[in-house]
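> Take a look and give me a structure for this.
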Amino acid sequence: MFWKRKKQAGNEHTVTIVSPPSNPTVLPDEIILEIFQPLRSEGRFLIKLSQVCRYFLCITEFWLYNSIQIDLERHPPIPRRALLRLSASLTVPRITRIVTVLHLYLANWLLCPQRIIANNLMEQDGDTTCRCDEIDDALGSALTALDQLESLRLYCNLCYDPRTSNRHRSLARLSSRQLKEFVFRCNCVILCKWNSSEIVTQDAINEVEAFSLEWTVRVKVPFHPRILQQNSKILKNITTLNYNRAPHCKVLVETRSITRLVVSFAGALAYRPEFDGLHDILSTSGRHLTHFYMGDVGNWLQRSLSLDISPYRTLEVLGVLLVPVWQADVILHAVEVLSPLKLLRTLEFLGQTERSPLPGDVLQTLTERHPQLQKVYLQFSVWRPQSAAVEVVWEREESDWTFRDIETIHWWDIVRKVGD
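Residues are numbered from 1 along each chain as shown. Okay, the predicted model is just below:
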């Protein structure tokens with residue numbers, strides 16, 4: 001684009017063509033950033049903008065790579081070629097210094113040509129071989145290079161490997177010393193060639209505050225929990241734990257200062273018979289929870305509070321209360337069990353129905369019983385509770401309650417961040 005300026009001298013007209021400044025930094029950096037701020041979440045636009053000049057490349061690279069969150073809650077899974085390109089980019093030194101958050105869901109129905117063909121989807125190159133090992137190797141190179149990583153969540157649904165496998169070895173070779181959150185769930189490996197205890201004994205785990213490790217099928221003992229009992233420095237700062245059927249969870253609750261607990265199985269909030277002993281562990285170890293999430297937590301709490309209220313007296317964030325019929329009397333009966341919990345600030349319901357408003361008398365009762373309550377999340381589903389898809393939040397300001405629609409919030413995010 002050019003600027004045109006006309007000058008008149010007598011009866012003659014002259015035109016001077018002036019090019020715009022070649023360097024966009026004639027504007028202060030703050031103004032440039034403010035101009036593009038509303039578009040920082042538009043990935044495709046940022047990629048095109050990065051190709052304009054080196055200055056825009058520096059700006060957009062930070063927005064593109066600082067926080068990479070590609071998961072089923074907010075985004076579709078990432079295809080194979082895109083993941084391979086992303087993994088290669090994450091090994092470039094100037095990029096590795098930028099990335100602090102990496103959340104990925106590895107879906108074999110989009111990543112593996114063998115599964116794509118089985119699902120009647122077509123690959124352009126006609127490839128029909130399983131590439132899951134190649135994908136794991138490429139992503140592993142990226143994971144070991146990210147030395148500024150603070151939050152890692154990796155949900156693996158690659159093809160099942162019946163062999164003794166070397167997959168995910170990179171998780172025991174992380175280079176970051178700033179890691180605060182480690183979440184890994186695997187659905188592909190039965191036996192590891194490497195000792196999975198290396199995940200928790202590496203230096204990268206030393207400062208982790210939120211921890212979740214789960215092999216959802218076949219592997220029942222990822223590593224022997226004795227190592228946690230023998231070395232108190234492992235996960236010494238952990239406060240948030242995803243409690244599943246793995247033996248290490250019991251040891252962590254008994255020996256570490258856990259205050260935030262999510263009870264889940266295979267990625268879904270759950271209540272299972274093997275979790276019955278959790279209350280005894282909390283009671284005997286002297287834990288005092290502030291955040292607690294479990295599928296249908298009401299029935300479990302009713303029994304636990306009758307035995308010993310001390311682990312739950314300090315609860316501030318609680319979910320999920322299952323309401324089979326969305327009527328005021330049914331909801332009030334569900335919240336009756338919460339009466340001893342006077343410090344509640346956040347509560348979540350799951351209504352097994354279509355979306356409906358929260359009755360006014362329920363809000364009034366909740367306010368009277370829980371004077372510090374500030375937020376009530378509502379999700380509605382006609383299916384069994386999976387990872388919570390919150391649709392509505394009621395918020396209290398003084399004595400008035402207002403509601404608004406919100407984006408999906410994962411239960412792990414609620415336990416990690418609400419009230420902080």
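> Which secondary structure elements does whichever strand or helix holds Val253 sit against?
Secondary structure assigned from DSSP states H and E places Val253 in helix 247-255. Using 3 or more C-beta pairs under 8 Å, 6 or more residues apart in numbering; DSSP states H and E as the contact criterion, the secondary-structure elements in contact with helix 247-255 are helix 226-230, strand 240-243, helix 278-285. In short, each C-beta sits where N, CA and C put it, glycine included.
> Tell me which of the ones you listed lies nearest to Leu350.
When the helices and strands packed on helix 247-255 are compared for distance to Leu350 using C-beta to C-beta, the nearest one is strand 240-243, at 18.7 Å.
> Check what contacts that closest one and list those residues.
With contacts defined as C-beta atoms under 8 Å, 6 or more residues apart in numbering, strand 240-243 is touched by 183, 209-214, 249, 252-253, 256, 258-264, 275, 278, 291, 412, 415-416.
> With stretch 341-350 instead?
Stretch 341-350 has contacts (C-beta under 8 Å, 6+ apart) with 293, 312-323, 331, 334-335, 338, 358, 366, 370-381, 385, 388, 390, 411, 414, 418-419.
> tell me the average confidence for that stretch?
Stretch 341-350 comes out with an average pLDDT of 94.
> Return the set of buried residues in that stretch.
When neighbours are counted by 16 or more other C-beta atoms under 10 Å, the buried residues of stretch 341-350 are found to be 341, 344-350.
> Stretch 174-182 now?
174-176, 179-182.
> quick revisit: mind giving me TSV with the helices and strands packed on helix 247-255 and columns for mean neighbour count?
Below are the helices and strands packed on helix 247-255 laid out as TSV (neighbours: other C-beta atoms under 10 Å):
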stretch	mean neighbour count
helix 226-230	14
strand 240-243	23
helix 278-285	16
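> Let me see the ranges of the helices in the stretch 251-400 of the chain.
Residue ranges of the helices in the stretch 251-400 of the chain, as given by DSSP state H, counting those that start in this stretch, are 278-285, 297-307, 328-335, 360-369.
> tell me the domain boundaries of the protein?
Segmentation of the chain into domains, based on automatic domain parsing, reads 102-258, 266-420.
> Same list, these, but as CSV with distance to Leu46 please.
Formatted as CSV, the entries for these read as follows, by distance: least, C-beta to C-beta, whole Å:
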stretch, distance to Leu46
domain 102-258, 18
domain 266-420, 20
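> and of those domains, who's closest to Arg94?
Ranking these by proximity to Arg94 (C-beta to C-beta) places domain 102-258 first, at 11.6 Å.
> Start and end of the closest one, how far apart?
With C-alpha to C-alpha, to the nearest Å applied, domain 102-258 spans 24 Å between its terminal residues.
> And for stretch 312-319?
According to C-alpha to C-alpha, stretch 312-319 extends 13 Å from its N-terminal end residue to its C-terminal end residue.
> what's the answer for stretch 70-84, then?
Stretch 70-84 has an end-to-end distance of 14 Å (C-alpha to C-alpha).
> what does stretch 146-159 give?
From the first residue to the last, stretch 146-159 extends over 25 Å; the measure is C-alpha to C-alpha.
> Could you list the buried residues of it?
Under the neighbour-count criterion of 16+ other C-beta under 10 Å, stretch 146-159 has 146, 149-159 buried.
> Can you name the two of those that sit furthest apart?
The distance between the two most remote of the buried residues of stretch 146-159 (C-beta to C-beta) is 30.2 Å, for Glu150 and Cys159.
> Which residues belonging to the helix holding Val253 are considered buried?
Residues 248-255 are the ones in helix 247-255 that count as buried (16+ other C-beta under 10 Å).
> By average pLDDT, which secondary structure element in this structure comes out worst?
None of the helices or strands of the chain scores lower by mean pLDDT, DSSP states H and E than strand 3-9, at a mean of 44.
> and Glu207, what does it touch?
Shown here is Glu207, whose contacts under the criterion C-beta under 8 Å, 6+ apart are 177-180, 237.
> Many thanks, we can stop here.
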